[in-house]
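Q: can you look at this prediction? I've put the sequence above it.
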Amino acid sequence: MSANTTYKSLAEGLPPDVARQIHPDWYKNEADYWAVRDSLLPQYEKQWIGFSQGIVIAVGRSPVRVLHEAHKADPHAFFVCVGHEYEPTRMRLTAFPYDTGYPGEPLPVVSVEFQSVSGQTGVLFDRVILDTGSDASAIPLADFRRLQLDPTAASPVYMAGVGGALVRTVQFSVWVVLDGTEYDCRLQVDSLGTERILGRDVLNCMDVLFRGPAAEVVINP
């Protein structure tokens, strides 16, 4: 896409009440990014960046780390993978809820504390599915409301399931506490689903032992 080509905002297609709450500075940073996007390709293509005030303020290969670094500098920074702006976050799980009495395969679940502010007591959610097939973490809309996240701090993003259907949603930089350790988290709101998912944004930062025969998960064994 050329810098002179009209871009499609990542916020386009969001429910109107959600789109209205996206901070104006995020829209400005998105527009500023597209004004110089072609010049960024040679250096940053296939890398995640945070963009604010006309410059790159964070860069790296790990989306969750770049998101958190960018939001420390500017809570409304535009966050994107250069050259892959419209590629969705893959949420590969399409499974039944965990049930020990179900005749099929049970899902590994844990209890996880989600924090909207680092170091402060958050909300403890149970039955969080450990999903190594998901790029990021996700919670249903009802849980998002319980976390009391600031809607103006949201970043629009695309999310897609196994079937590939795109869903417009929003993401937040939050933290999770598991086994006494706090981890950066790239959390997306799943307005259509009911499952809580802990994705590779967090799982890649810890050791996880899946003991299938014992039907238990051991964190940092």
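A: Yes, it's here. Numbers count the residues shown, from 1 in each chain.
Q: buried stuff in the longest strand along the chain?
A: With secondary structure taken from DSSP state E, the chain has its longest strand at strand 166-178. Neighbour-count burial for strand 166-178, counted by 16 or more other C-beta atoms under 10 Å, picks out 167-178. All C-beta spots, glycine's among them, are computed from the backbone N, C-alpha and C.
Q: past that strand, which element shows up next along the chain?
A: Next in sequence after strand 166-178, counting helices and strands by DSSP states H and E, comes strand 181-190.
Q: check the offset of the longest strand of the chain from the chain's centre.
A: Going by C-alpha atoms, centre = their mean, to the nearest Å, the spacing between the C-alpha centre of strand 166-178 and its chain's C-alpha centre is 4 Å.
Q: contacts only, for Leu141.
A: Listed by C-beta atoms under 8 Å, 6 or more residues apart in numbering, the contact set of Leu141 reads 189-191.
Q: mind giving me the domain split of the protein?
A: In the assignment given by automatic domain parsing, the structural domains of the chain cover 16-86, 109-219.
Q: TSV for those domains, including distance to Thr6 and mean pLDDT?
A: Written out in TSV, the entries for these read as follows (distance: least, C-beta to C-beta, whole Å; pLDDT from 0 to 100):
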stretch	distance to Thr6	mean pLDDT
domain 16-86	9	96
domain 109-219	17	90
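Q: in TSV: those domains, plus distance to Leu10.
A: Written out in TSV, the entries for these read as follows (distance: least, C-beta to C-beta, whole Å):
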stretch	distance to Leu10
domain 16-86	7
domain 109-219	4
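Q: what segments of the protein are strands?
A: Taking DSSP E as the test, the strands found in the chain are 48-52, 55-60, 78-81, 89-90, 109-115, 123-130, 137-140, 155-160, 166-178, 181-190, 196-198, 208-211, 216-219.
Q: which other helices and strands does the last one contact?
A: By that I understand strand 216-219. Here strand 216-219 is seen to pack against strand 109-115, strand 208-211 when contacts are counted using 3 or more C-beta pairs under 8 Å, 6 or more residues apart in numbering; DSSP states H and E.
Q: now the angle from the longest helix seen in the chain to strand 55-60?
A: For the chain, the helix with the greatest residue count under DSSP state H is helix 24-44. Between the axes of helix 24-44 and strand 55-60, defined by axes from the mean of the first three to the mean of the last three C-alpha atoms, to 10 degrees, the angle is 60 degrees.
Q: list the contacts of helix 24-44.
A: Looking at helix 24-44 with C-beta under 8 Å, 6+ apart, the contacting residues turn out to be 1-3, 7, 9-11, 49, 51-54, 56, 59, 74, 76-78, 80, 82-83, 85, 155-156.
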